[in-house]
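A.B. asks: Build the 3D model from these lines:
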Amino acid sequence: MSLHITATWHKESFDRFLWEGLPQLLADTLPLAGYSVEPVDTSMCNIKLTLPSPTGGSALTEITYHDIPLPDEDGVFTIEGQPRLVVPLAEHENLDTANIACVGEQLYQYIEERRGTMPQEVVLTEETAYAWLPLHTWIQAFFASRSQLLDTGNWLAKQ
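C.D. replies: Below you'll find the model as predicted:
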């Protein structure tokens, strides 16, 4: 008999972050005119933001953050060719009542702590948007600090 345990909540948590949490967080921060996620392959996507023109005209400014990791169905990310997992965190030791923060909740909090409020006088060009809101850099730093290499040779670790 083969036992396979799936933890779909990892993927669900990340999907909620990507499709609900991040766009809301960005809309609270920027004059967001559009938001889309474009899959590159099964393990990566691009996030595209559309912002109003800095000159106030009808032209829009598009900003694309490339190579954002996507989890597989088990919530495992492939980063630099290596399977990585973000370990869920409990807010306290009593797991019956603790809130559990999976990858999406942790990433939301990580980005929320780093973003600021854009001053009204800032002219939002593509360059200033990348400098002021370095999403790609923040997401890379999050995975570098919060994920761990999955030991695929260890059956129990993989479960």
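
A.B. asks: how close does E12 sit to P23?
C.D. replies: 17 Å (Cβ to Cβ, to the nearest Å). For every residue, glycine as well, the C-beta is placed using N, CA and C.

A.B. asks: Which of the two has more residues huddled nearby?
C.D. replies: Neighbour count, other Cβ atoms under 10 Å: between E12 and P23, P23 has more, with 18 against 15.

A.B. asks: give me phi/psi at V122?
C.D. replies: Backbone torsions of V122, given as degrees, to the nearest 10, read phi -70, psi 130.

A.B. asks: For the closest residue to it other than its chain neighbours, grab phi and psi.
C.D. replies: Excluding its sequence neighbours, the residue lying closest to V122 (Cβ to Cβ, 6 or more residues apart in numbering) is T128, at 6.3 Å. Main-chain torsions, T128, degrees, to the nearest 10: phi -70, psi -30.

A.B. asks: Give me the neighbour count for T128.
C.D. replies: Neighbourhood size, T128 [other Cβ under 10 Å]: 14.

A.B. asks: wait, isn't it in contact with P134?
C.D. replies: No. The pair T128 / P134 is not scored as a contact, 11.3 Å apart, by Cβ atoms under 8 Å.
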